[in-house]
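Asks: Model the structure of this input:
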Amino acid sequence: MAYSMKKGYQIPDEGNQEAVICGVVILEDQLVTVKGQKKTSDIIQVEYQTDTGKAKGRYFPLMVEESPLGQVVSAVNGGEIPDEIDDVEAFLMNRELIIEVKHNKSKETGRLFANAANAYPLEEYEDEEDDEEYDLDLDEDIEDEHSEDLDIDFDEEELEWT
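Replies: Okay, the predicted model is just below:
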């Protein structure tokens, strides 16, 4: 069997990617900065494998619809967030979903990282693809005068990982 290597760390393209959860680690008592305040918190680190590389997401252990971890749990569990998950690793491992990949560059090293910004159910993405097949856009060259205003960042909290 032949083995090939590529220079550097292979990261997935930006945008929506089909992914499989290939790693889950519970990081206890991590030092984080939330809104300028340093504190310790447990963090759930999830690693995603896409066709073009790996991405990671680091989440506070908060399972509500609005939270990033809640999005992941809902995406892999038919839109439902259970009241309790006894074994987080077993629950998430090998589950399929869509992640929105965003690239971030380290200020210190200049290294490029791929982070999972949002999570969506695989079925929702497949339904959208099916709809696009039959979508006739007759006004292709007409651009909405407010299209620039639609680039919204929904990040509720600015986090710095230390």
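Asks: per-residue confidence at the closest residue to residue 79 other than its chain neighbours?
Replies: Among residues not flanking residue 79 along the chain, residue 121 sits closest, at 6.4 Å (C-beta to C-beta, 6 or more residues apart in numbering). Using the backbone N, CA and C atoms, a C-beta is placed for each residue, glycine as well. Looking at residue 121, its pLDDT is 94.
Asks: and what of residue 5?
Replies: On the pLDDT scale, residue 5 gets 53.
Asks: Helices of this protein, start to end?
Replies: Taking DSSP state H to define them, one finds helices in the chain at 68-76, 88-92, 122-133.
Asks: Roughly how far does the residue nearest to residue 79 sit from residue 78?
Replies: 7 Å (C-beta to C-beta, to the nearest Å).
Asks: for residue 34, same thing?
Replies: 31 Å.
Asks: So which of these two has more stuff around it?
Replies: Ranked by neighbour count (other C-beta atoms under 10 Å), residue 34 and residue 78 place residue 34 first, with 13 against 8.
Asks: Identify the residues contacting the spatially most central residue of the chain.
Replies: When C-alpha atoms, centre = their mean is applied to the chain, the residue found nearest the centroid is residue 116 (2.4 Å). Contacts for residue 116 (C-beta atoms under 8 Å, 6 or more residues apart in numbering) come out as 19, 46, 48, 55-57, 72, 99-101.
Asks: Reformat the residues you listed as CSV; add distance to residue 29, neighbour count and pLDDT.
Replies: CSV is the format used below for the contacts of residue 116 (distance: C-beta to C-beta, whole Å; neighbours: other C-beta atoms under 10 Å; pLDDT from 0 to 100):
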residue, distance to residue 29, neighbour count, pLDDT
19, 28, 25, 94
46, 19, 26, 96
48, 24, 27, 94
55, 25, 25, 90
56, 19, 14, 91
57, 19, 21, 93
72, 22, 26, 96
99, 27, 27, 93
100, 29, 16, 92
101, 28, 22, 90
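Asks: Export the lengthiest strand in the chain to PDB, keeping only CA atoms.
Replies: Longest strand in the chain by number of residues, with DSSP state E as the criterion: strand 15-34. Output in PDB follows, covering the C-alpha atoms of strand 15-34 (Å, rounded to 0.1, in the frame of the first residue of the first chain):
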ATOM      1  CA  GLY A  15     -18.000  27.200   3.500                       C
ATOM      2  CA  ASN A  16     -20.500  24.500   4.100                       C
ATOM      3  CA  GLN A  17     -18.900  21.000   4.100                       C
ATOM      4  CA  GLU A  18     -20.300  17.600   4.800                       C
ATOM      5  CA  ALA A  19     -18.400  16.200   7.800                       C
ATOM      6  CA  VAL A  20     -18.200  13.300  10.200                       C
ATOM      7  CA  ILE A  21     -17.300  13.800  13.800                       C
ATOM      8  CA  CYS A  22     -14.000  11.900  14.200                       C
ATOM      9  CA  GLY A  23     -12.900  13.100  17.600                       C
ATOM     10  CA  VAL A  24     -14.400  14.300  20.900                       C
ATOM     11  CA  VAL A  25     -12.300  15.400  23.900                       C
ATOM     12  CA  ILE A  26     -13.400  16.900  27.200                       C
ATOM     13  CA  LEU A  27     -10.900  19.500  28.300                       C
ATOM     14  CA  GLU A  28     -11.400  20.200  32.000                       C
ATOM     15  CA  ASP A  29     -10.700  23.500  33.700                       C
ATOM     16  CA  GLN A  30      -9.400  25.400  30.700                       C
ATOM     17  CA  LEU A  31      -8.400  29.100  31.100                       C
ATOM     18  CA  VAL A  32     -10.700  31.100  28.800                       C
ATOM     19  CA  THR A  33     -11.400  34.800  28.300                       C
ATOM     20  CA  VAL A  34     -15.000  35.800  28.000                       C
END
